[in-house]
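# Sequence plus the predicted model coming up.
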Amino acid sequence: MTTFFGIIVVTLLVSILTGLIRVHRGPRPADRMMAAQLVGSAAVAILLILSRAMDMPALLDVAVVFALLAAVAVVGFVVLASRKVS
Amino acid sequence: MMLDLIAASLVVFGTVFFIAGTVGLLRFPDIYCRLHALTKADGLGLALVALGMTLKAESFGEVFRIVLIWFFVALASATCGHLIAAYARQADREGKA
Amino acid sequence: MTPDLIYGLTGIAVFAIGLTGALCAQDRLRRVLALKLCSLGAGFLLVVAAWREPPAAPDPVPHALVITGIVVMISATAVALALIRRLQSLEAEDDD
Amino acid sequence: MTDPFLILDLLLAGAVIALAVATLTVRDLFAAIVLFIVLGLLSALAWVRLSAPDVALAEAAIGTGVTGALLLKTLHHLRYVAGTLGEQTAHGVTPVTPVPMSVIWANAAFCGLITLGLAIAFLDAPLGGPGFDALVADAIPASGVDHGVTAVLLNFRSYDTLMEVVVLLAAVIAVWQIERGLSEAPSPDLSVIWQGFARLTLPAIVVVGTYLLWKGSEAPGGAFQGGAVLAAVGILLLLSRLYVPRPAHRALARWGFVLGTGVFAGVALLVTGGGRVTFEYPPEHAKTLILLIEGLVTVSIAVTLAALFHGREPVAVRAKEARHDA
């Protein structure tokens, strides 16, 4: 089962790294941000699986913080990248 | 054993959705299509992986935290999807004006 | 190949990249990013120093040092970024 | 068959290095910041692989989350001042003057030498050698907490941690001084959906932050991680204008900044007064004292980090206008 989890985690990581091409390519800031959001969710999935594979329940807490972070980053982006001024 | 099999297939399906999301993010032509791909991957992929991991969890506390993580990511990704879409549409409008 | 070797070399590489960037980058914001890369590389080395072959537990002292380092780094970053914002505003005023 | 976790480690390491290069070479500054945030997330994953969940938590919350918000805010401000806010790309904000190739090469050679020295030192060093593990393991029962990192941070090396809180305090003072009278780049209002999201999740984030703090005595977590998560709440409130700092709140904020340092130092002095060495907590009260310090330090860290994000000291509008006229 641990080997299976390992393969899944590697697959997810490869998927993340491929998605990063979008951050590099853009063209719009929103495209870059979306790719970062995908990285965040996939990282949460990786942590969920690692917490079982490495038998470290504490990783679930790290996953909670990762999940919170994605929201902070996206809200920060939307507020700070918008042009409309209130 | 049966439980292991179900958990494993759920996790595999979740991973497939993440891969699909990445492919969509890279291949779709404009920002709204990409957003569609992204939210599907986020929502379904993570939900399936989380469901699979709850089957393998060892204590009630772990199940609770996994469900909390899933709930939060679902909520955040829906809100963020909306915010990004609204931002992109507004930028488009101003670009045309 | 053990994780400590892999990540140790990663830490050195990241530190080197950060150092080069801090010396060669033109843009202020990017120079701050480069310095942050240096601190990340140092963090890698400390965490590697703490690592023990599982199931042995890692050494908590370097972990505490890295956490301290992360907090100090954000303080330094905040001040650096404030200076950058101020400088930019002053330059804009000079241009007017 | 190769162990998939070895492949995972190699991939992660390669990705971290590649991202570090990309952060410094990508032309668009916004892309550089996003890549830096992703780099932080991946380093946190790498530290998880090195069984350092505490450090991964701190890096994710402080090194990536709060730092990312700070960097985005600064970029926004710089583009606002430069008048390039509407453009799709965010290239350099500093005027670029060409650097002679000789200087670049000299720098590169210098960095190469340092790297070489580091690599030799690292490869020669006995990996996994005796560290402080045994000492910490022996002393844990007397520390009042069950988790090694928390024991080191708040008992064995309290001086360090006190200084760390002082550094945060110094940073917020410096930022307030630097930004005095600086005008703020305006930001837009968020939609109704956001308001609903905020109402639902901000209390949940507060609970998570408190949980991390409380959990620190027996498992990864603690004052810094909890404080950073609470600071994220503050940052979200500030970003979404649900909370707008007013000049009248300055006194409260100042109390928030010094609360942690004050209590930390106060406890140390009280212990010294009781005939012990500074920071040598009496074992029977150690847990209570550590929890007290941690709780108040968490509040301080949260307030300070949020203030560092906000930057400018909240000033009365009248004072600002007067400055403009001058």
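Sure thing, it's come through.
# going forward, measure contacts and count neighbours with C-alpha atoms only.
Will do.
# Tell me where the chain is predicted with low confidence.
Here I'm looking at chain A. A:81-86 (pLDDT under 70).
# Sorry, I should have been clearer: chain C.
Counting by pLDDT under 70, the low-confidence segments of chain C come to C:96.
# how about the helices in it?
C:3-24, C:28-50, C:60-95 (DSSP state H).
# which bits of chain B sit near chain D?
Proximity of chain B to chain D (C-alpha under 8 Å from any C-alpha of the partner chain) is limited to residues B:72, B:75-76, B:79, B:82-83.
# Kindly recompute the last result at 7 Å.
B:Thr79 (C-alpha under 7 Å from any C-alpha of the partner chain).
# Against which helices or strands is whichever helix or strand A:Phe66 is part of packed?
Secondary-structure element containing A:Phe66, defined by DSSP states H and E: helix A:58-81. Using 3 or more C-alpha pairs under 7 Å, 6 or more residues apart in numbering or on different chains; DSSP states H and E as the contact test, the elements touching helix A:58-81 are helix A:29-53, helix B:60-96, helix D:53-58, helix D:67-82, helix D:223-239.
# Swap in 6 Å and give it another go.
helix A:29-53, helix B:60-96 (3 or more C-alpha pairs under 6 Å, 6 or more residues apart in numbering or on different chains; DSSP states H and E).
# sorry, back to before: got CSV for the helices of chain C, with mean neighbour count too?
Output for the helices of chain C, formatted as CSV (neighbours: other C-alpha atoms under 10 Å in any protein chain shown):
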stretch, mean neighbour count
helix C:3-24, 24
helix C:28-50, 24
helix C:60-95, 20
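# Quick one: the helices and strands packed on helix A:58-81 as a markdown table, columns for mean neighbour count and distance to chain C too.
As requested, the helices and strands packed on helix A:58-81 are exported to a markdown table (neighbours: other C-alpha atoms under 10 Å in any protein chain shown; distance: least, C-alpha to the nearest C-alpha, whole Å):
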| stretch | mean neighbour count | distance to chain C |
| --- | --- | --- |
| helix A:29-53 | 25 | 13 |
| helix B:60-96 | 18 | 21 |
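# And the ones you listed: which comes nearest D:Trp105?
helix A:29-53 (32.5 Å; C-alpha to C-alpha).
# quick one: the closest one to helix B:60-96, angle?
Angle between the axes of helix A:29-53 and helix B:60-96 is 170 degrees (criterion: axes from the mean of the first three to the mean of the last three C-alpha atoms, to 10 degrees).
# between the helices and strands packed on helix A:58-81, which gets nearest to D:Asp133?
Of all these, helix A:29-53 comes closest under C-alpha to C-alpha, at 23.4 Å.
# picking up where we left off before, quick one: the helices and strands packed on helix A:58-81 as TSV, columns for distance to B:Arg34 too.
Converted to TSV, those look like this (distance: least, C-alpha to C-alpha, whole Å):
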stretch	distance to B:Arg34
helix A:29-53	8
helix B:60-96	10
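# What lies in contact with stretch D:123-138?
Residues outside stretch D:123-138 that contact it (C-alpha atoms under 6 Å, 6 or more residues apart in numbering or on different chains): C:52, C:59.
# What average pLDDT does it get?
What stretch D:123-138 shows for mean pLDDT is 74.
# do stretch D:65-77 as well
On average, stretch D:65-77 scores 86.
# Not counting sequence-adjacent ones, nearest residue to B:Ala57?
Nearest non-adjacent residue to B:Ala57, counting by C-alpha to C-alpha, 6 or more residues apart in numbering or on different chains: B:Val63, 6.1 Å away.
# So that neighbour versus chain D, what's the distance?
From B:Val63 across to chain D, the span is 16 Å (C-alpha to the nearest C-alpha, to the nearest Å).
# Could you double-check that that residue sits in contact with B:Thr54?
Yes. Between B:Val63 and B:Thr54 there is a contact at 5.3 Å, judged by C-alpha atoms under 6 Å.
# Mind telling me which residue is nearest the centre of chain C?
Chain C has C:Ser39 as the residue nearest its centroid, 2.2 Å off, counting by C-alpha atoms, centre = their mean.
# To clarify, my last question referred to chain B.
The centroid of chain B falls nearest to B:Asp42 when counting by C-alpha atoms, centre = their mean (1.0 Å).
# can you tell me which of the helices of chain C comes nearest to D:Leu35?
Taking C-alpha to C-alpha, helix C:28-50 is the member of the helices of chain C nearest to D:Leu35, at 10.6 Å.
# Give me the distance from that closest one to the chain's centre.
In this view, helix C:28-50 has its centroid 2 Å away from the chain centroid, taken as C-alpha atoms, centre = their mean, to the nearest Å.
# what helices or strands is that helix leaning on?
Packed against helix C:28-50 by the contact rule (3+ C-alpha pairs under 6 Å, 6+ apart) you find helix C:3-24, helix C:60-95.
# Roughly how far does the residue positioned nearest the centre of chain D sit from D:Leu8?
The centroid of chain D falls nearest to D:Ile62 when counting by C-alpha atoms, centre = their mean (3.0 Å). Distance, D:Ile62 to D:Leu8, by C-alpha to C-alpha, to the nearest Å: 25 Å.
# What's the local residue count around the closest residue to chain C within chain A?
Distances between chain A and chain C by C-alpha to the nearest C-alpha are smallest at A:Met54, namely 9.7 Å. Residues lying near A:Met54 (other C-alpha atoms under 10 Å in any protein chain shown) number 17.
# Wait, B:Val49 touches B:Ser9, no?
No. With contacts counted by C-alpha under 6 Å, B:Val49 stays clear of B:Ser9, the gap being 9.3 Å.
# Neighbour count: these two, which is higher?
More neighbours surround B:Val49 than the other of B:Val49 and B:Ser9, with 28 against 15 (other C-alpha under 10 Å).
# Test for you: state the pLDDT assigned to that one.
Note on B:Val49: pLDDT of 91.
# For the closest residue to it other than its chain neighbours, which three-state class applies?
Nearest residue to B:Val49 in three dimensions, chain neighbours excluded: B:Val11, at 4.5 Å (C-alpha to C-alpha, 6+ apart). At B:Val11, secondary structure determined by DSSP: H, G, I helix; E, B strand; the rest coil is helix.
# Isn't B:Val11 up against B:Gly52?
Yes. Using C-alpha under 6 Å, B:Val11 is in contact with B:Gly52, at 5.5 Å.
# Check the gap between the nearest residue to B:Arg65 once chain neighbours are set aside and D:Phe279 for me.
Nearest non-adjacent residue to B:Arg65, counting by C-alpha to C-alpha, 6+ apart: A:Leu60, 6.9 Å away. Applying C-alpha to C-alpha, the value for A:Leu60 to D:Phe279 is 33 Å.
# just D:Arg246 next, same as before
D:Arg246 is 37 Å from D:Phe279, by C-alpha to C-alpha.
# Neighbour count: the two, which is higher?
Neighbour count, other C-alpha under 10 Å: between D:Arg246 and D:Phe279, D:Phe279 has more, with 20 against 12.
# That one contacts D:Gly266, correct?
No. Contact between D:Phe279 and D:Gly266 fails when scored by C-alpha under 6 Å: they sit 10.2 Å apart.
# Around the residue lying closest to D:Leu238 once chain neighbours are set aside, how many other residues sit close by?
In this structure, D:Leu238 finds its nearest non-sequential neighbour in D:Val244, 6.4 Å apart by C-alpha to C-alpha, 6+ apart. Residues near D:Val244, counting by other C-alpha under 10 Å, number 12.
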